[in-house]
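Asks: please work out how this folds:
(2 chains)
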Amino acid sequence: MKEILLIFIPTLTLVPAAVAAALAMRKISSTALEGMTRQPEIAPQLFTSMLVSMALVEALVIYCLVVALMLAAKV
Amino acid sequence: MAESLAPHLPWIVLANFLLVAAILVVLARLAVARPLTERPGARQNAAEAALDWFVAQARQVHPGRVGLVAPFLATLFLTILFSNLLAVLPVPVLQIPPTAWYSGPLALALVSVLGGLVIGARISGVKAAFRHLFWPNPLQLVGEASHVLSLSLRLYGNIGGEYLVAVLAAAAAPWGIPLVIHALGLIPAVVQPLVFTLLTVTFLSTAVHADRKA
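Replies: Now for the predicted structure:
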């Protein structure tokens, strides 16, 4: 039982977060690329903003990773 | 490998931070070793390009106090960058990046947030900096604490996670695969300091600009 919990709890914590973050990053990168191709002159600024937004999305997954690790340590 | 080193990790993190500091001091000395010329060589050109980026970021915070903000941003960026790049050294203990253990990123995030408070106080006065912490409500304090958490966890998750994957891959398949993972790890190693510095700029400029309006 403990082994099953050890596998499932972190997985169930992390997988939805990763899926949601992947969808969010898809939106961020496709929109930024579209903007860069339409207006190449502001591409550097768009690239920086894209990186910051991606970092903000990614932070949420890392919070989930930390929670998952804590849960795995508790089981 | 990681288990036998575990009791010494605090010292390894400290020693590797000192190593990074030594590398940065040597690089800075080299950059200004020859007198600056109007027609820069490769070394002066690289140093000027880096300086230019930090000055541009510092202008976003406060155009009049570039000399105060730019060194702070440059120190954060270069320390994190070189700490992450330690992972490519082929030396056993020195190659452990200090940012791959939580105490390292936590220290950097505390420096970023507390340094941001001090710089805010230097730019707009101690009174305005305190008002920024408690106005419009004391929940701003919680916000500052969450900045520390988010900055440190992001850096730790990226670099520590990559390092963990590299160690696991090296244990499972010692030839070839770790090289690929280290090569892929160079991307977060360069992007994370950029993100850390840009977020510090964002936090700093909100603090300074909010005080200007108030």
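Asks: neighbours of residue B:177, how many?
Replies: A count of nearby residues for residue B:177, using other Cβ atoms under 10 Å in any protein chain shown, gives 13. C-betas here are computed from N, CA, C, even on glycine.
Asks: kindly apply the preceding question to residue B:167 instead.
Replies: Counted with other Cβ under 10 Å, residue B:167 comes out at 16.
Asks: is chain A contacted by the helix or strand where it lies?
Replies: In the assignment (DSSP states H and E), residue B:167 maps to helix B:139-172. Yes. Counting by Cβ under 8 Å from any Cβ of the partner chain, contacts between helix B:139-172 and chain A involve B:150, B:153-154, B:156-158, B:161.
Asks: okay, residue B:15 and chain A: tell me how far apart.
Replies: From residue B:15 across to chain A, the span is 26 Å (Cβ to the nearest Cβ, to the nearest Å).
Asks: also residue B:52?
Replies: Residue B:52 is 13 Å from chain A, where distance means Cβ to the nearest Cβ.
Asks: swap in residue B:49?
Replies: For residue B:49, the distance to chain A - Cβ to the nearest Cβ - is 13 Å.
Asks: over to residue B:180?
Replies: Plainly put, residue B:180 is 22 Å away from chain A if you go by Cβ to the nearest Cβ.
Asks: for that residue, grab the count of nearby residues.
Replies: By the measure other Cβ under 10 Å, the count of residues near residue B:180 is 11.
Asks: still on that earlier bit, and the residues of helix B:139-172 next to chain A, which of them are buried?
Replies: Burial by neighbour count, 16 or more other Cβ atoms under 10 Å in any protein chain shown: within the residues of helix B:139-172 next to chain A this picks out B:150, B:153-154, B:156-158.
Asks: quick one: what helix or strand has residue 5 in it?
Replies: No chain was given, so I picked chain A. Here residue A:5 sits within helix A:2-38, counting by DSSP H and E.
Asks: try again with chain B
Replies: Applying DSSP H and E, one finds residue B:5 within helix B:2-5.
Asks: same check on residue B:44?
Replies: helix B:42-61.
Asks: just curious, which of the residues of helix B:139-172 next to chain A is nearest to residue A:24?
Replies: Nearest to residue A:24 out of these is residue B:154 (Cβ to Cβ; 15.2 Å).
Asks: tell me how many other residues crowd residue 74.
Replies: In the absence of a named chain, this looks at chain A. When neighbours are counted by other Cβ under 10 Å, residue A:74 registers 9.
Asks: that was the other one, I meant chain B.
Replies: Look at residue B:74: counted by other Cβ under 10 Å, it has 20 neighbours.
Asks: that one reaches residue B:47, doesn't it?
Replies: No. The pair residue B:74 / residue B:47 is not scored as a contact, 10.7 Å apart, by Cβ atoms under 8 Å.
Asks: so the helix ranked longest in chain B versus helix B:139-172, what angle?
Replies: For chain B, the helix that runs over the most residues, judged by DSSP state H, is helix B:177-213. Between helix B:177-213 and helix B:139-172, the angle comes out at 170 degrees (axes from the mean of the first three to the mean of the last three Cα atoms, to 10 degrees).
Asks: and helix B:177-213, what's buried?
Replies: For helix B:177-213, the neighbour count (16+ other Cβ under 10 Å) marks B:178, B:181-182, B:185, B:188-189, B:192-201, B:203-205, B:207-208, B:210-211 as buried.
Asks: show me what contacts residue B:36?
Replies: The contact partners of residue B:36, taken as Cβ atoms under 8 Å, 6 or more residues apart in numbering or on different chains, are residue B:44.
Asks: separation between it and residue B:199?
Replies: Noted for residue B:36: a distance of 32 Å to residue B:199, by Cβ to Cβ, to the nearest Å.
Asks: before we move on, back to that, and the helix holding residue A:5, how far from the chain's centre?
Replies: 5 Å (Cα atoms, centre = their mean, to the nearest Å).
Asks: tell me which residues of the next helix or strand after that helix come out buried.
Replies: Sequence-wise, the next helix or strand downstream of helix A:2-38 (DSSP H and E) is helix A:43-74. Using 16+ other Cβ under 10 Å as the test for burial, helix A:43-74 gives A:43, A:46, A:50-55, A:57-59, A:61-66, A:68, A:71.
Asks: need the per-residue pLDDT for the residue in chain B that chain A sits nearest to.
Replies: Residue of chain B nearest chain A, by Cβ to the nearest Cβ: residue B:157 (3.4 Å). You'll see residue B:157 listed with a pLDDT of 87.
Asks: what does chain A put close to chain B?
Replies: Residues of chain A lying near chain B (Cβ under 8 Å from any Cβ): A:48, A:51-52, A:55, A:58-59, A:61-63, A:65-66.
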